[in-house]
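S.K.: pasted the sequence and its predicted model underneath.
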There are 2 protein chains.
Amino acid sequence: MSNVLSGHPRMLRQSIRKGKFIRSTGGLHLGKVQANLVMLPASEALEFLIFCFRNPKPCPVIEVVEAGSFEPIVSAPGADLRTDIPKYLVYENGKLVTETTDITKYSNQQMVSFLLGCSYTFEYALLNAGIPIRHIEQNTIVPMYVTSIDTKPTHNLYGPLVVTMRPIPKRQLEKTIQITSQYPSVHGSPVHVDNFQDIGIKNLSKPDFGDPVEIKKDEIPVFWACGITPQIVAQTSKPPLMITHSPGHMFVTDLDNDKLLVDESILINRLED
Amino acid sequence: MSNVLSGHPRMLRQSIRKGKFIRSTGGLHLGKVQANLVMLPASEALEFLIFCFRNPKPCPVIEVVEAGSFEPIVSAPGADLRTDIPKYLVYENGKLVTETTDITKYSNQQMVSFLLGCSYTFEYALLNAGIPIRHIEQNTIVPMYVTSIDTKPTHNLYGPLVVTMRPIPKRQLEKTIQITSQYPSVHGSPVHVDNFQDIGIKNLSKPDFGDPVEIKKDEIPVFWACGITPQIVAQTSKPPLMITHSPGHMFVTDLDNDKLLVDESILINRLED
């Protein structure tokens, strides 16, 4: 397995495709961009893309794959989004119907695929800068909270912003904000710092998703827009079919995290330039 | 008329709406963002938005107005995109059928409206920095050229990149690139500098659109992606209906040009934050 994890991400994706790797991609290929997946019927895709455009912090679009193809030619040429993710969630009419390792049976559907940025990228940058990430230290899933902040709606897509929280040492707050600001395509700068009640969170030790983390005396909670938001929001319109990755089981791309630095490409969609 | 031109852009738009102002918006409200318009049926809009996402330099999206509304609530609340532009072009099945001042008769169509950034914004910034703009000095229309550079296609949308050209004094080239790089949502940095044959232009004195300009001895031609590109590309798919502004007759928004500075909002679609 070690060659799969240390080699080119293509090897990991092929292993996933063969059903030989069915677990979280957290901690794998740390220098590479991992992405959230949202697949929707073409009929629902325009509104979702407008929603992403209006809400770039929770929904930073890295690549759109048109109906008729499942190959993300910019971020992972040769990959197949129907097979190369360890686990998928399938929603029908807004309800979760199954968790599965292979969605090729939906191949004949006119599905548009969206790859959205994931905070693994900025966590990697924070760690490299000597800023600790508690849930990584604890080996748990980042705590997520549904807030009282509304996303910018479209006609049928609306709902609350979901945030992740990381406790940050006060003396490293400025550096943390600076670093994550440089990654607008993976949620970017924090949406809120400190007083959690102000954004409708009642109890930090009871996250809506993920696991609680310890907050030490010299630390304050810092909140970023979360990639769960688009999945929850997309369900408000109850699309006939929606497929996403299963949380933690991300799509591992060929892109280097540094490629998402604002200095490298002011807009992520300039990657192709 | 002077109060219309010196007051709030809303006054100009109302004057346009009443049919009292039917000419180019060039030189008006210099501090405000002016925008290109592309309106397409909802059925064609997803592919166009994906095309814009893949080609942000020629197609920098400032706002998307969903079908069912013609009010750009972010960039000009209260405005009506069917009446507040001095002149429109109407294409049917890819062919220009009319130039008109009012498109309310298409109100019952399910049209999605796209406002795209326009180089007036960065020209204003260049002028403020003491960099001359030849076609403004000459009071002519910027020269535009169809290049040999292909845009990044979608299934049905493809075509060559169109560029504008401005002769820039060599000693001010670096400054020019710096300034326009700071405005990614209005075409951003140049796509090419100097050797025009390299991008398939045969004769600088014979632009495909607009007027030729003099290039002085100490100057070199600098090329930027042009807002005409999406109109030309959209015609490749021959949509049943496409409505655009008439060149030079732009939509004048309420947004300050400075709002489009990368420092102000790394992504233009963060304007709403």
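M.R.: Happy to help now that I have it. Note that the coordinates shown come from a computational prediction; the quantities given were computed from them, not determined experimentally.

S.K.: where does the stretch 1-150 of chain A come near chain B, residue by residue?
M.R.: By CB under 8 Å from any CB of the partner chain, the residues of the stretch 1-150 of chain A that approach chain B are A:42, A:45-47, A:49-50, A:53-54, A:56-57, A:61, A:64, A:66, A:68, A:112. (C-beta placed from N, C-alpha, C; glycine too.)

S.K.: buried subset of those residues?
M.R.: Among those, those buried by neighbour count (16 or more other CB atoms under 10 Å in any protein chain shown) are A:42, A:45-47, A:49-50, A:53-54, A:56-57, A:61, A:64, A:66, A:112.

S.K.: out of the residues you listed, who's nearest B:Arg166?
M.R.: Distance to B:Arg166, by CB to CB, is smallest for A:Phe53 among these, at 29.4 Å.

S.K.: filter the buried ones among the residues of the stretch 1-150 of chain A next to chain B down to the ones in strands?
M.R.: A:61, A:64, A:112 (DSSP state E).

S.K.: so how many other residues sit close to A:Ser38?
M.R.: Careful, residue A:38 is Val; it's not Ser. A:Val38 has 23 neighbours, counted by other CB atoms under 10 Å in any protein chain shown.

S.K.: doesn't it fall inside a strand?
M.R.: Yes. Judged by DSSP: H, G, I helix; E, B strand; the rest coil, A:Val38 forms part of a strand.

S.K.: can you tell me which of the ones in strands among the buried ones among the residues of the stretch 1-150 of chain A next to chain B is nearest chain B?
M.R.: Chain B lies nearest to A:Val64 out of those, by CB to the nearest CB, at 5.0 Å.

S.K.: my read is that that closest one contacts A:Leu49, right?
M.R.: Yes. In this structure, A:Val64 is within contact of A:Leu49 by CB atoms under 8 Å, at 6.8 Å.

S.K.: overlap in contacts of these two?
M.R.: Counting by CB atoms under 8 Å, 6 or more residues apart in numbering or on different chains, the residues touching both A:Val64 and A:Leu49 are A:114, B:50, B:53.

S.K.: looking at those, which are in helices?
M.R.: Members of the shared contacts of A:Val64 and A:Leu49 lying in helices (criterion: DSSP state H): B:50, B:53.

S.K.: any chance of the shared contacts of A:Val64 and A:Leu49 in TSV, plus distance to A:Thr154?
M.R.: Putting those into TSV (distance: CB to CB, whole Å) gives the following:
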residue	distance to A:Thr154
A:Phe114	15
B:Ile50	16
B:Phe53	16
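
S.K.: among the shared contacts of A:Val64 and A:Leu49, which has the minimum pLDDT value?
M.R.: pLDDT is lowest at B:Phe53 among the shared contacts of A:Val64 and A:Leu49; the value there is 90.

S.K.: who's in contact with that one?
M.R.: Here B:Phe53 is in contact with A:49, A:61, A:64, A:269, B:61 (criterion: CB under 8 Å, 6+ apart).

S.K.: so can I have TSV of the residues you listed showing pLDDT and distance to A:Lys170?
M.R.: Output for these, formatted as TSV (pLDDT from 0 to 100; distance: CB to CB, whole Å):
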residue	pLDDT	distance to A:Lys170
A:Leu49	94	39
A:Val61	92	33
A:Val64	95	40
A:Asn269	35	35
B:Val61	92	39
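
S.K.: test my guess that A:Pro58 contacts A:Gln231.
M.R.: No. A:Pro58 lies out of contact with A:Gln231 (CB under 8 Å); the separation is 10.0 Å.

S.K.: compare those two (neighbour count), which wins?
M.R.: A:Pro58 (25 against 21).

S.K.: show me where chain A has its strands.
M.R.: Per DSSP E, chain A carries strands over the ranges A:32-41, A:61-65, A:88-92, A:95-100, A:111-117, A:144-150, A:160-169, A:192-193, A:219-225, A:242-245, A:251-256.

S.K.: the shortest one vs chain B: in contact?
M.R.: No. Legend: contact between strand A:192-193 and chain B by CB under 8 Å from any CB is lacking; minimum distance shown is 12.1 Å.

S.K.: re earlier: reformat the ones in strands among the buried ones among the residues of the stretch 1-150 of chain A next to chain B as JSON lines; add distance to B:Val222.
M.R.: Output for these, formatted as JSON lines (distance: CB to CB, whole Å):
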{"residue": "A:Val61", "distance to B:Val222": "30"}
{"residue": "A:Val64", "distance to B:Val222": "31"}
{"residue": "A:Val112", "distance to B:Val222": "37"}
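
S.K.: and the two most separated of the residues of the stretch 1-150 of chain A next to chain B?
M.R.: For the residues of the stretch 1-150 of chain A next to chain B, with distances taken as CB to CB, the pair at the greatest spread is A:Lys57 and A:Gly68 (30.0 Å).

S.K.: excluding chain neighbours, what is closest to the closest residue to chain B within chain A?
M.R.: Shortest chain A-to-chain B distance, computed as CB to the nearest CB: residue-wise this is A:Leu46, at 3.9 Å. In space, and not counting its chain neighbours, A:Leu46 is closest to B:Leu46: 3.9 Å by CB to CB, 6 or more residues apart in numbering or on different chains.

S.K.: now swap in A:Arg54 and tell me
M.R.: Excluding its sequence neighbours, the residue lying closest to A:Arg54 (CB to CB, 6+ apart) is A:Lys152, at 4.1 Å.

S.K.: do you know the pLDDT at the one you found?
M.R.: Value listed for A:Lys152 in the pLDDT field: 92.

S.K.: ok so, going back, show the contacting residues for the residue of chain A closest to chain B.
M.R.: Contacts of A:Leu46 (CB under 8 Å, 6+ apart): B:42, B:45-46, B:49, B:112.

S.K.: domains of chain A?
M.R.: Domain assignment for chain A, taken from automatic domain parsing, gives A:2-119+A:233-270, A:121-229.

S.K.: need those in JSON lines (columns: distance to B:Pro212).
M.R.: Below are those laid out as JSON lines (distance: least, CB to CB, whole Å):
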{"stretch": "domain A:2-119+A:233-270", "distance to B:Pro212": "31"}
{"stretch": "domain A:121-229", "distance to B:Pro212": "39"}
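
S.K.: tell me where chain A has helices.
M.R.: A:2-6, A:9-17, A:42-54, A:120-128, A:134-138, A:173-181, A:229-236.

S.K.: save those helices as a markdown table, and put in distance to A:Leu157 too.
M.R.: Listed next are these as a markdown table, based on distance: least, CB to CB, whole Å:
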| stretch | distance to A:Leu157 |
| --- | --- |
| helix A:2-6 | 37 |
| helix A:9-17 | 30 |
| helix A:42-54 | 5 |
| helix A:120-128 | 25 |
| helix A:134-138 | 29 |
| helix A:173-181 | 25 |
| helix A:229-236 | 5 |
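
S.K.: quick one, which of these gets closest to B:Met144.
M.R.: helix A:42-54 (27.0 Å).

S.K.: please report how far the closest residue to A:Pro160 other than its chain neighbours lies from A:Pro41.
M.R.: Among residues not flanking A:Pro160 along the chain, A:Val146 sits closest, at 5.2 Å (CB to CB, 6+ apart). Taking CB to CB, to the nearest Å as the criterion, A:Val146 is separated from A:Pro41 by 26 Å.

S.K.: quick one, what contacts the residue nearest the centre of chain A?
M.R.: By CA atoms, centre = their mean, chain A has its centre lying nearest to A:Cys118, at 3.3 Å. Going by CB under 8 Å, 6+ apart, A:Cys118 touches A:33-36, A:186, A:227, A:250.

S.K.: and for the residue nearest to it when sequence neighbours are not counted, the neighbour number?
M.R.: Leaving aside its chain neighbours, A:Cys118 sits nearest to A:Gln34 (5.0 Å; criterion: CB to CB, 6+ apart). Per other CB under 10 Å, the neighbour tally for A:Gln34 reads 27.

S.K.: try A:Gln178
M.R.: Number of residues near A:Gln178 (other CB under 10 Å) recorded here: 11.

S.K.: so where's the stretch 1-150 of chain A shaky on pLDDT?
M.R.: Applying pLDDT under 70 to the stretch 1-150 of chain A flags the ranges A:1-3.

S.K.: what's the spacing between the closest residue in space to A:Asp256 that isn't next to it in sequence and B:Tyr145?
M.R.: Nearest residue to A:Asp256 in three dimensions, chain neighbours excluded: A:Gly31, at 5.9 Å (CB to CB, 6+ apart). Look at A:Gly31 and B:Tyr145: by CB to CB, they are 41 Å apart.
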